[in-house]
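Chemist: Predicted model follows, preceded by the sequence.
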Amino acid sequence: NAGVMQNPRHLVRRRGQEARLRCSPMKGHSHVYWYRQLPEEGLKFMVYLQKENIIDESGMPKERFSAEFPKEGPSILRIQQVVRGDSAAYFCASSTTLTGVREQFFGPGTRLTVL
Amino acid sequence: GQQLNQSPQSMFIQEGEDVSMNCTSSSIFNTWLWYKQDPGEGPVLLIALYKAGELTSNGRLTAQFGITRKDSFLNISASIPSDVGIYFCAGRGNSGNTPLVFGKGTRLSVIA
C-alpha cells in the first residue's frame, strides 16, 4: 500500500522559469493538500483540493501559483515565473472521508531551489 | 490567522532522559496532532487527539489534549538516538478534512 508520492524530490529552476510539482495521493484518498515549508519554519497551508475541485485556496498566493487535481492523474502545483523567494520544500498530504483514519498523510516533499 | 506557539525551539538531551514539549494557541482547536519530521523527509503522524482532556500513548510517546482546547503537550520517555528530529504540533479548528495549522517545531538532539 504505497504512501503519498511526490516528484520530483528536488527541482532547480532559474528565475522566470516554471515549476511543476506532482503529487499522487494514497490509494483511496480523494482529498489533497499542499503545504510550503521555509527553512527553520513549520508547514504553511496553501491549498486544499478534492477531485476536480478547489475547496480552499486561502493560503496560496494570488499570482503565479495554481493547483489542480484532475479526475485522472496526480495533483499538480504550478508556479509560474519563479522568484528566489519561492525556494522552499513543498509537501503534499492526502486524506479520505471513508471510515477509519481520517488524518492527513504527507509525502516526502519536493525541494525547490530557484537560482 | 490562527497561530500555534511551540516550545522549546530546540533541545539537547542525554540518551535515556525524558523529554517534554508543548504547544499553545490563542484560539480553540478541536483536534491536536503531533508529527515528527526527519531531515529530507515529510512529517510522519505520531499521535492524534480528538477530545479535551484526552491522554494518548504510542509506545514511549504520550500526548495530551488540554482541557481548554488551547494547548497540548508531548512527552517522550527514555529517549534513544533515533528520536532525533523535528517534532511539530498541528491543530485543526473544524472537524473533517480541513487544513492544519502547524507550530514551528521543536528540534530534538539526543547525545549518546
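Modeler: Good, I have the coordinates.
Chemist: Near chain B, which residues of chain A are found?
Modeler: Within chain A, the positions adjacent to chain B are A:4, A:6, A:31, A:33, A:35, A:40-45, A:48, A:56, A:59, A:91, A:93, A:95, A:97, A:102-109, A:111 by Cβ under 8 Å from any Cβ of the partner chain. C-beta coordinates here come from the backbone N, C-alpha and C atoms, glycine included.
Chemist: What are the neighbouring residues in contact with the residue lying farthest from the centre of chain B?
Modeler: Within chain B, the residue lying farthest from the chain centre (Cα atoms, centre = their mean) is B:Ala112, at 22.8 Å. B:Ala112 sits next to B:Glu15, B:Pro81 when contact means Cβ atoms under 8 Å, 6 or more residues apart in numbering or on different chains.
Chemist: A:Leu112 too?
Modeler: When contacts are counted by Cβ under 8 Å, 6+ apart, A:Leu112 is found next to A:Leu11, A:Val12, A:Arg13, A:Ala19, A:Leu21, A:Ile79, A:Val82, A:Asp86, A:Ser87, A:Ala88, A:Ala89, A:Tyr90.
Chemist: repeat that with 6 Å
Modeler: The contact partners of A:Leu112, by Cβ atoms under 6 Å, 6 or more residues apart in numbering or on different chains, come to A:Leu11, A:Ala19, A:Ser87.
Chemist: Find the nearest non-adjacent residue to A:Tyr33, please.
Modeler: Spatial nearest neighbour of A:Tyr33, chain neighbours left out: A:Ala93 (4.5 Å); criterion: Cβ to Cβ, 6 or more residues apart in numbering or on different chains.
Chemist: Could you list the paired strands of the host helix or strand of that neighbour along with their orientation?
Modeler: Counting by DSSP states H and E, the element that carries A:Ala93 is strand A:88-95. Strand A:88-95 sits in its sheet next to strand A:31-37 (antiparallel), strand A:105-106 (antiparallel), strand A:110-114 (antiparallel), going by DSSP bridges.
Chemist: Next up, the contacts around the nearest residue to A:Lys44 once chain neighbours are set aside.
Modeler: Nearest residue to A:Lys44, sequence neighbours excluded (Cβ to Cβ, 6+ apart): A:Arg36, at 5.3 Å. For A:Arg36, the contact set (Cβ under 6 Å, 6+ apart) comprises A:Lys44, A:Met46, A:Ala88, A:Tyr90.
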